[in-house]
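Trainee: no FASTA, just this:
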């Protein structure tokens, strides 16, 4: 997993998962991916926070096995953000 530094990260569609548990965050991420594929947004941002890393690990495991995901990377400036590229 590489880190990226995207100066335009603030204009990408994003979802904030702070305060969510693992199961509800996976449901929200799945719906968010579906919505953005329909809207033809192929780069999205997942804000999971830093904390102990449990939510990030759960989300990354999910993204690794999701066929709609081309790649995902942690933002270079903020470890609490994952940028996801979706299939077109």
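Mentor: On my side now, so go ahead. All of these numbers come straight from a predicted model, not from anything done at the bench.

Trainee: Only C-alpha atoms from now on, for both contacts and neighbour counts.
Mentor: Noted.

Trainee: Which stretches in this structure count as strands?
Mentor: Secondary structure of the chain (DSSP state E): strands at 3-4, 14-16, 43-47, 69-75, 81-86.

Trainee: Save those strands as TSV, and put in mean neighbour count and distance to residue 55 too.
Mentor: Output for the strands of the chain, formatted as TSV (neighbours: other Cα atoms under 10 Å; distance: least, Cα to Cα, whole Å):
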stretch	mean neighbour count	distance to residue 55
strand 3-4	15	18
strand 14-16	16	12
strand 43-47	21	10
strand 69-75	18	13
strand 81-86	21	11
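
Trainee: So for residue 37, which of the ones you listed sits nearest?
Mentor: Among the strands of the chain, the nearest to residue 37 by Cα to Cα is strand 81-86 (7.4 Å).

Trainee: least reliable of the strands of the chain going by mean pLDDT?
Mentor: When the strands of the chain are ranked by mean pLDDT, strand 3-4 comes last with a mean of 60.

Trainee: mind listing the helices for the chain?
Mentor: 22-38, 54-64 (DSSP state H).

Trainee: just these: most buried one?
Mentor: Ranked by mean neighbour count, the helices of the chain are led by helix 54-64 with a mean of 17 (mean count of other Cα atoms under 10 Å).

Trainee: Name the residues that touch that helix?
Mentor: Outside helix 54-64, the residues that touch it by Cα atoms under 8 Å, 6 or more residues apart in numbering are 21, 22, 25, 26, 48, 49, 50, 69, 72, 80.

Trainee: Please tell me how far the third one sits from residue 59.
Mentor: Applying Cα to Cα, to the nearest Å, the value for residue 25 to residue 59 is 8 Å.

Trainee: try the last one
Mentor: Shown here: residue 80 relative to residue 59, a distance of 12 Å by Cα to Cα.
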